[in-house]
Each structure stands twice: as C-alpha cells, then as structure tokens.
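>>> predicted model and sequence below, questions to follow.
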Amino acid sequence: MTISDRIFERLEQINMTQKVFSEKTGISQSTISEWKSKHTNPTSEKIMIICSVLNVTPEWLLSGMENTGTRGNQNVWYVVDKDTEIGQLIQSYNEMDKSSRDRLQGYIEAMKNTY
C-alpha cells in the first residue's frame, strides 16, 4: 500500500471529503486528485500537516506500521499548529537566547514541583 493509498483509506475512515482535507492542509484539490489518479505520493514537506489533519503518525503514514512494542528507539515528536497557544509559546521560546530558555525551564520545573 502506498502513502496516498493510506491517505485515502484514512479519509474514508474518518468520513472526510477531499475538499475538506484540501482546506485543512492547504494542499490543492487538484494535487490530491492527482495522487489518486496517477498513484503518486505527497512531497515530504507535506507529511507532517497531513499527519496532523488525519490524526495519524508519520510512521503509520509512511510505512503503514505503528511502533507499539518496547524494542528499539521510540520516536517522539509533536505536531503543533503554530497559530495555537502552544504554537505561539514554542515560537516565543525559540526566539529566546539560551540563558532565557534555561531560566524559563527552571521556572517550569519549580512550578511542576508545587502541584
């Protein structure tokens, strides 16, 4: 099964139209239709937004498999919309110098210990 096959399978599972998928990902409907008609796959820079919209992991989208065992290295990542509160927090954090980031991390650790 190809990446595009998994995309269309997932769209069907969650009852999402190609039009809605296009709107949520910012990928043109013609490109999405081309994946289906020409059996092509999305470009690599689209993978994370596709995963976010479809609520799947990149591992599943790319391979069809989930990392459910305890063997090997665990892949850990977050897909965050930059327009959300957490996205804005990450952007602000990335704009800080190392000293400010370290200080912020200290505040976070102190707050975690008080709750």
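Noted; the coordinates are in hand.
>>> against residue 10, how distant is residue 43?
With distances taken as Cβ to Cβ, to the nearest Å, residue 43 is found 18 Å from residue 10. C-beta: built from backbone N, CA, C; applies to glycine.
>>> which of those two has more residues huddled nearby?
Set residue 43 next to residue 10 and count neighbours by other Cβ atoms under 10 Å: residue 10 wins out with 19 against 9.
>>> which residues sit against the helix or strand where residue 48 lies?
Using DSSP states H and E, residue 48 sits within helix 47-54. Outside helix 47-54, the residues that touch it by Cβ atoms under 8 Å, 6 or more residues apart in numbering are 7, 10-11, 14, 16, 21, 24-27, 42, 57-58, 61-62, 79, 81.
>>> cool, and stretch 4-24?
1, 27-29, 32-33, 35-36, 39-42, 50, 53-56, 60-61, 64.
>>> now with 10 Å?
Counting contacts by Cβ atoms under 10 Å, 6 or more residues apart in numbering, the residues outside stretch 4-24 that touch it are 1-2, 25, 27-36, 38-42, 49-56, 60-64.
>>> span of it from start to end?
From its first residue to its last, stretch 4-24 covers 17 Å (Cα to Cα, to the nearest Å).
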